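*Asks:* Quick one, structure for this:
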Amino acid sequence: MQELLSQEKSIYLQIKEMIENDIIRDILLEEERVPSTNELAKLYAINPATAAKGINLLVDEGILYKKRGIGMFVASGAKQVIVRKRKERFFDDYIRSLLTEAASLGITKEELIDMIAAGKGEDAK
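*Replies:* Numbering: from 1, shown residues only. This next block holds a predicted model:
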């Protein structure tokens, strides 16, 4: 969790995404304690309330839960929840517009699949 914060989006959202990324990458595992708001504040030189806002979003989504007096922990099934949510967002952000543009250009499903497969082959080079 040593990523750099950027000016592109709110800090609390970046904190939330960094924790999600650590869960997806198995850096933070289910039932494992996550850094406290004070630890995050010190690490990134931010206000603890800002860190808490990002943490609380994850609590609201059921990704994290609080053990009173101990800290915040990764909930069971958190990784699956994050992956499902991100797949839905990927579809909404990228695939919908891709399909709309493909339809307007008369690109068939088969042609689109071939284009994607060809692009994937280019990544191997």
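
*Asks:* residue boundaries of the helices in the protein?
*Replies:* For the chain, helices defined by DSSP state H occupy the ranges 11-24, 37-44, 48-60, 78-90, 96-105, 109-123.

*Asks:* Which among those is found nearest to Gly69?
*Replies:* Nearest to Gly69 among those is helix 37-44; the distance by Cβ to Cβ comes to 14.5 Å. Quick note: C-beta positions are derived from backbone N, CA and C, even for glycine.

*Asks:* what about the closest one, distance to the chain center?
*Replies:* 19 Å (Cα atoms, centre = their mean, to the nearest Å).

*Asks:* Then stretch 109-125?
*Replies:* Counting by Cα atoms, centre = their mean, stretch 109-125 comes out at 25 Å from the chain centroid.

*Asks:* Next: stretch 77-89.
*Replies:* 8 Å.

*Asks:* Equivalent analysis for stretch 21-39, please.
*Replies:* Worked out by Cα atoms, centre = their mean, stretch 21-39 lies 13 Å from the chain centre.

*Asks:* tell me the average confidence for that stretch?
*Replies:* Average pLDDT, stretch 21-39: 96.

*Asks:* Pull out the buried positions in that stretch.
*Replies:* By neighbour count on 16 or more other Cβ atoms under 10 Å, the buried set for stretch 21-39 is 22-23, 28, 34-35, 37.

*Asks:* can the residues you listed go into a markdown table with extra columns for distance to Arg89?
*Replies:* Formatted as a markdown table, those follow (distance: Cβ to Cβ, whole Å):
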| residue | distance to Arg89 |
| --- | --- |
| Asp22 | 18 |
| Ile23 | 16 |
| Leu28 | 20 |
| Val34 | 22 |
| Pro35 | 25 |
| Thr37 | 25 |
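
*Asks:* Check the residues you listed and tell me the two furthest apart.
*Replies:* For the buried residues of stretch 21-39, the farthest-apart pair by Cβ to Cβ is Ile23 and Thr37; their separation is 17.2 Å.

*Asks:* burial measure for Leu43, as a count.
*Replies:* Leu43 has 13 neighbours, counted by other Cβ atoms under 10 Å.
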